[in-house]
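**Student:** Here is my input; please provide its structure:
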Amino acid sequence: MPNKPSKWISSLREKIRQECGEGWMVRGIGKGLVQKVQLTVRFEDGNRTSIVLGPKAKSDPDFVPWVGTSAGWILQISTDISLIMKSQGKGLAEAYELVKQKNESGFIGALNWEQLASKFKSHKTSNGKKGSRVWNRNYRTPIARTLLILTGESSVSNGYSVLKTLVERHGGEPGSASRRLRVQYAAEFLRFAFKNGANRSWLPPEDLNQFIGEKATIDQLTENGNKSEP
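**Tutor:** Next up, the predicted model:
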């Protein structure tokens, strides 16, 4: 009896069918634990066509693996491909090339992170006054600080270094709620950026605890206090 797909796979496939059509399907292909993402379209006449999404070489830093953190990106690019196929009458491979060209041209230059931040804000405030309040209270300052790091630090080149710099500048006490939320909101923005065209290298690490840290225990505080006594 075949294993049931993981929840993220079932959810992703259902969303793609809803957005693109019943004949659209994604799966992981290839040997080993790290698989490529294959998109297949089955037409009404029964014919099928397939492509690999993202770079084909696993050694490419922008390689997109068949894992849960890639789900948002897979859904977004599949939807974009579907729209071009339907509106322009293009084939699957040609539509994918057009989507890649559009994404590359849309994020060239100093304004790419500004555009993504603006798009992220629109996404978070789309449900009216409640969304605007949540943005102003929770997201505005952490995202503004993250944006300054992304646009002003030439040494920052991936999601890890973004969060590391954010914590060094604005972290607060290790393990505190404020520090945890700053890191989580910045990581959420980086995942959104990947979903909307940024390279995979900008994804934050899966484990955010390395940036959040842990609160000092009473024993640790007592020990540190004793050490400081003359």
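**Student:** what are the C-alpha coordinates of stretch 65-82, in PDB please?
**Tutor:** Presented in PDB, the C-alpha positions along stretch 65-82 are these (Å, rounded to 0.1, in the frame of the first residue of the first chain):
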ATOM      1  CA  PRO A  65      13.900  21.100  -3.700                       C
ATOM      2  CA  TRP A  66      10.700  19.200  -3.200                       C
ATOM      3  CA  VAL A  67      10.200  20.200   0.500                       C
ATOM      4  CA  GLY A  68       7.500  22.000   2.400                       C
ATOM      5  CA  THR A  69       9.400  25.300   2.500                       C
ATOM      6  CA  SER A  70       9.200  25.400  -1.300                       C
ATOM      7  CA  ALA A  71       5.400  25.000  -1.400                       C
ATOM      8  CA  GLY A  72       4.500  28.700  -1.600                       C
ATOM      9  CA  TRP A  73       7.000  29.300  -4.400                       C
ATOM     10  CA  ILE A  74       5.700  26.300  -6.300                       C
ATOM     11  CA  LEU A  75       2.100  27.400  -6.000                       C
ATOM     12  CA  GLN A  76       3.000  31.000  -7.100                       C
ATOM     13  CA  ILE A  77       5.000  30.100 -10.100                       C
ATOM     14  CA  SER A  78       2.500  27.400 -11.200                       C
ATOM     15  CA  THR A  79      -0.300  30.000 -11.000                       C
ATOM     16  CA  ASP A  80       1.800  32.500 -13.000                       C
ATOM     17  CA  ILE A  81       2.500  29.900 -15.700                       C
ATOM     18  CA  SER A  82      -1.100  28.900 -15.900                       C
END
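**Student:** What mean pLDDT does it get?
**Tutor:** Mean pLDDT, stretch 65-82: 93.
**Student:** Could you do stretch 137-144 as well?
**Tutor:** Averaging pLDDT along stretch 137-144 yields 94.
**Student:** what does that stretch rub up against?
**Tutor:** Ala117, Phe120, Lys121, Lys124, Leu166, His170, Leu181, Arg182, Tyr185, Ala186, Phe189 (C-beta atoms under 8 Å, 6 or more residues apart in numbering). The way it works is simple: take the backbone N, C-alpha and C, and place the C-beta from them, glycine included.
**Student:** one more time with 7 Å, if that's ok
**Tutor:** The contact list for stretch 137-144, computed with C-beta atoms under 7 Å, 6 or more residues apart in numbering, reads Ala117, Phe120, Lys124, Leu181, Arg182, Tyr185, Ala186, Phe189.
**Student:** Touching, the fifth one and Glu168? I think so.
**Tutor:** Just to be clear, that refers to Arg182. No: the pair formed by Arg182 and Glu168 falls short of the contact definition of C-beta atoms under 7 Å, at 11.9 Å.
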